[in-house]
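*Asks:* Here is my input, please return the structure:
(one chain, ligands or ions: 1)
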Amino acid sequence: MAWSISRNRKNIESLAKLQRSFKKGQIVDPCSDSSAWYKAYGTGTVTFPDGKLRILSAGTDVAARRGCQFNLSGAKTLKIRFYLDNHTDMYDIQFYFSNDTTYTDYLTYSIRFWRLSAGWNEHIIDANKLVVRGGGSLTREIVSMQIRVLAYEGKTASATFDPIIRDESQRGKVIFMFDDGWDSQYTEAFKYMSKYSMPGVIAVIPTRVGTPYYVTMAQLKEIYSYGWDLANHTQNHLDLATLSNPMIIEQEILLGEAWLNANGFSRASNIVAYPFGSYDNRVLLAMQSRRAGRIVMDDTVTQPPPDKRLIKIQRADYTAAPDKLIGFIDEAANLGGVCLYLFHKIVSGAAVDNLEYNVDFFKQVVDYAYSRRADIDTVTFSDWLDSCGL
Ligand SMILES: [Zn+2]
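*Replies:* Residues are numbered from 1 along each chain as shown. Now for the predicted structure:
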């Protein structure tokens, strides 16, 4: 029995790798050599707890630097991964790859606070989007590297780094996700995407189903039978982080999940979209036993996600032309990441707020995702988690 279970697990894992077409990259720097890295400047520390480079800022720029000798010629992507002990007080993390030791000619990339989340963070950088300073060049030797960390003034925060990896690659994904269960998600989104047999995801609020402007139970049954995920948007759509009683947090999640299960919609009932994207440590604790949680922070998602409880999105900003949304598909395809769109109502005429997106623009985005099917897969949330072995 034990044998068959572990055997089965192995099969699932190799299948997951296959679906992601995962190709291991090369290490650019392990971020673990305490004899190479040193503090170049700033108020704070550079240490190596558990053998990993940790940079702590006490409210001013702190830079760790090392000499090196490598070449990024032909590099497509760089993967960076770091752990934040206190993400709300961190302002900026910046990477430098310099062609000289005086930092006259270098390439740089910065990650600001709005892209930082609690715990492990992971980003894949398109090598062509590194910012060039002076005569910085991918094709010349990189002789010095620097990572600079900056906490807000008067605050202390640290980042601990995993190896920097070059050219890890896998197949990108697109996920069309729709929050709240508005009726146009059936009449417009589901109807149009069915033309291409493309699945999507609706985050359902059970207490709104069958009320004016929302989907009906019959529509949800049809949508689900076509392979769409129905995820949990909680029972009453309350702002979870503002609830004073942690029991209510658990109850809001539990009731939404139980409603989906009771109606035969179990495929994604353990995936939660936090109302308003709002969460705190109590919410994350309640999420320990769930499959995944989705926040409202815009970014391309890496695979597997660094924290399954904090999955990011690409918001369909109502002012955005389809070209902007289409760009997120290109990025996910180039980086081997996930473009997880968040839509609400799909409307005819001009969208007037962030709960709306124009239907003709929406169709152009769907058409584009379909046209890129040789390079990127449109999947459900649960399909994607399956492919990551989560
Ligand atoms: Zn919502």
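*Asks:* all contacts plus neighbour counts: C-alpha atoms, from now on.
*Replies:* Will do.
*Asks:* Close to the ion: what parts of this protein are there?
*Replies:* 180, 275 (C-alpha under 5 Å from the ion).
*Asks:* what do you get if the cut-off is 8 Å, keeping everything else the same?
*Replies:* 179-180, 203, 205, 233, 237, 273-276, 344 (C-alpha under 8 Å from the ion).
*Asks:* Point out where this protein drops to low pLDDT.
*Replies:* Where the chain drops to pLDDT under 70, the residues are 1-20.
*Asks:* now the helices for it?
*Replies:* Assigned by DSSP state H, the chain shows helices spanning 2-20, 184, 191-194, 217-225, 246-262, 281-286, 322-335, 359-371, 381-387.
*Asks:* Render the CA-only coordinates of the fourth one in PDB, please.
*Replies:* Yep, that's helix 217-225 we're talking about. What follows is helix 217-225, C-alpha atoms only, in PDB (Å, rounded to 0.1, in the frame of the first residue of the first chain):
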ATOM      1  CA  MET A 217     -27.700  28.300  -9.700                       C
ATOM      2  CA  ALA A 218     -28.700  26.800 -13.100                       C
ATOM      3  CA  GLN A 219     -26.000  29.000 -14.800                       C
ATOM      4  CA  LEU A 220     -23.300  27.900 -12.300                       C
ATOM      5  CA  LYS A 221     -24.200  24.300 -12.900                       C
ATOM      6  CA  GLU A 222     -23.800  24.700 -16.600                       C
ATOM      7  CA  ILE A 223     -20.500  26.600 -16.200                       C
ATOM      8  CA  TYR A 224     -19.100  24.000 -13.800                       C
ATOM      9  CA  SER A 225     -20.100  21.200 -16.200                       C
END
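*Asks:* Near Asn245, how many other residues are there?
*Replies:* Applying other C-alpha atoms under 10 Å, we find 11 residues neighbouring Asn245.
*Asks:* ok so, going back, adding mean neighbour count and distance to Tyr41, write the helices of the chain out as TSV.
*Replies:* Shown next, in TSV, are the helices of the chain (neighbours: other C-alpha atoms under 10 Å; distance: least, C-alpha to C-alpha, whole Å):
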stretch	mean neighbour count	distance to Tyr41
helix 2-20	13	41
helix 184	19	55
helix 191-194	16	54
helix 217-225	16	56
helix 246-262	18	43
helix 281-286	15	33
helix 322-335	19	33
helix 359-371	18	46
helix 381-387	20	42
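*Asks:* hang on, the earlier thing: weed out the non-buried ones from the residues of the chain next to the ion.
*Replies:* By neighbour count, with 16 or more other C-alpha atoms under 10 Å, the residues of the chain next to the ion hold 179-180, 203, 205, 233, 237, 273-275, 344 as buried.
*Asks:* Now for Lys173: which residues touch it?
*Replies:* 332-333, 336-339, 376-379, 384 (C-alpha atoms under 8 Å, 6 or more residues apart in numbering).
*Asks:* meant to ask about Thr60
*Replies:* With contact taken as C-alpha under 8 Å, 6+ apart, Thr60 is in contact with 42-44, 150-153.
*Asks:* Apply 6 Å and report the result again.
*Replies:* For Thr60, the contact set (C-alpha atoms under 6 Å, 6 or more residues apart in numbering) comprises 43, 150.
*Asks:* gap between it and Tyr152?
*Replies:* Separation of Thr60 from Tyr152 (C-alpha to C-alpha, to the nearest Å) stands at 8 Å.
*Asks:* And Cys388, by the same measure?
*Replies:* As judged by C-alpha to C-alpha, Cys388 and Tyr152 stand 35 Å apart.
*Asks:* Excluding chain neighbours, give the residue nearest to the closest residue to the ion within the stretch 201-350 of the chain in space.
*Replies:* Closest contact between the stretch 201-350 of the chain and the ion, by C-alpha to the ion, is at Pro275 (4.8 Å). Closest residue to Pro275 in three dimensions, ignoring its sequence neighbours and counting by C-alpha to C-alpha, 6 or more residues apart in numbering: His237, at 5.4 Å.
*Asks:* Gly67 and Ser144 touch, don't they?
*Replies:* Yes. Taking contacts as C-alpha atoms under 6 Å, Gly67 lies within contact range of Ser144: 4.4 Å.
*Asks:* So if I had to pick from those two, which one is more boxed in?
*Replies:* Just comparing Gly67 and Ser144: by other C-alpha under 10 Å the higher neighbour count belongs to Ser144, 20 against 15.
*Asks:* one step back: for Ile55, state which of the buried ones among the residues of the chain next to the ion is nearest.
*Replies:* For those, the closest approach to Ile55 (C-alpha to C-alpha) belongs to Tyr274, at 31.4 Å.
*Asks:* Now do the contacts for the spatially most central residue of the chain.
*Replies:* Closest residue to the average C-alpha location of the chain: Val301 at 2.8 Å, with C-alpha atoms, centre = their mean. Shown in contact with Val301 (C-alpha under 6 Å, 6+ apart): 337-338.
*Asks:* mind running it again at 8 Å?
*Replies:* 123, 311-313, 337-340.
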